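S.K.: Just to be clear, the model below is a prediction. Sequence and coordinates:
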Amino acid sequence: MAWFGEGLSSLKGQLTNFTKEVLSEGRDEIYDKDSDLSESKKKVEELEALCASQDLE
């Protein structure tokens with residue numbers, strides 16, 4: 001039955017690694033979305049400033 005314990009230990013290790021990978025990918029996606037949102041807001045502000053300057057002309 002020692003092989004059974006080793007098999008369970010191996011499976012546990014594989015599940016742990018898989019879980020870590022999935023969670024780290026989730027963090028990357030959240031960070032990227034925040035970064036994209038911040039970049040989009042900056043572009044909107046730049047465009048609004050350009051529109052305002054054209055209105056003054």
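M.R.: Arrived safely.
S.K.: Please tell me how far residue 49 sits from residue 41.
M.R.: 13 Å (Cβ to Cβ, to the nearest Å). Heads up, the C-betas are built off the backbone N, CA and C, glycines and all.
S.K.: same thing with residue 20?
M.R.: Distance from residue 20 to residue 41, by Cβ to Cβ: 32 Å.
S.K.: Give me the pLDDT value at residue 27.
M.R.: Per-residue confidence (pLDDT) for residue 27: 69.
S.K.: Likewise for residue 2?
M.R.: 71.
S.K.: Count the neighbours of it for me.
M.R.: 6 (other Cβ atoms under 10 Å).
S.K.: Please apply the same query to residue 24.
M.R.: Close neighbours of residue 24, defined as other Cβ under 10 Å, add up to 10.
S.K.: Low-confidence stretches in the chain?
M.R.: Flagging of the chain using pLDDT under 70 yields the residue ranges 1, 26-31, 57.
S.K.: so where do the helices sit in it?
M.R.: Listed in chain order, the helices of the chain (DSSP state H) span residues 2-56.
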